[in-house]
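Peer 1: Compute the structure for the input listed below.
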Amino acid sequence: VQLQASGGGLVQPGGSLRLSCAASGSIFAINVMGWYRQAPGKQRELVATITNTGATNIVGSVKGRFTISRGDAKNTVWLQMNSLKAEDTAIYYCSYKNWASASEVDYWGQGTQVTVSS
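Peer 2: Residues are numbered from 1 along each chain as shown. Purely as a prediction, here's the structure:
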């Protein structure tokens, strides 16, 4: 499975960005895609996930500000980020997991930088 992420950039506090991730390759029908992020000097952390049926999990720190969704073809995932804060600055990674996998994540995208600064 290959994951191609895009949409990062520089935005002012309070602004919005939309990240996209397109999956290709041997995609299982039952899967979970999502976004993680890693800020400088910190460990990579979960942001949000979405299953092939549309069930979502969004961590508390971004709940109410970030929304995760999937396209009709189910192979594209978006992360809509609103009311961005400086602490949202990080490299954002798209993720993919086969439902039956024992791993938290099976494949990672290349990462896209999000910088929130005035």
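
Peer 1: what ranges do the strands span in this structure?
Peer 2: Applying DSSP state E to the chain gives strands spanning 2-6, 9-11, 17-24, 31-38, 45-51, 56-58, 66-70, 76-81, 90-98, 107-108, 112-116.

Peer 1: which of the residues in the second one are buried?
Peer 2: The neighbour-count check on strand 9-11 (16 or more other C-beta atoms under 10 Å) flags Val11 as buried. For glycine as for every other residue, the C-beta is placed from the backbone atoms N, C-alpha and C.

Peer 1: That strand packs against which elements?
Peer 2: Here strand 9-11 touches strand 112-116, going by 3 or more C-beta pairs under 8 Å, 6 or more residues apart in numbering; DSSP states H and E.

Peer 1: Just the residues contacting the strand it packs on, thanks.
Peer 2: Contact with strand 112-116 is made by 5-13, 15, 17, 19, 37, 81, 84-92, as judged by C-beta atoms under 8 Å, 6 or more residues apart in numbering.

Peer 1: same deal with stretch 16-26?
Peer 2: The contact list for stretch 16-26, computed with C-beta under 8 Å, 6+ apart, reads 1-9, 11, 33, 35, 75-84, 92, 94, 96, 109, 112, 114.

Peer 1: Quick check: the residue nearest the centre of the chain vs Ser118, distance?
Peer 2: The centre of the chain sits closest to Trp35, judged by C-alpha atoms, centre = their mean, with a distance of 2.2 Å. From Trp35 across to Ser118, the span is 24 Å (C-beta to C-beta, to the nearest Å).
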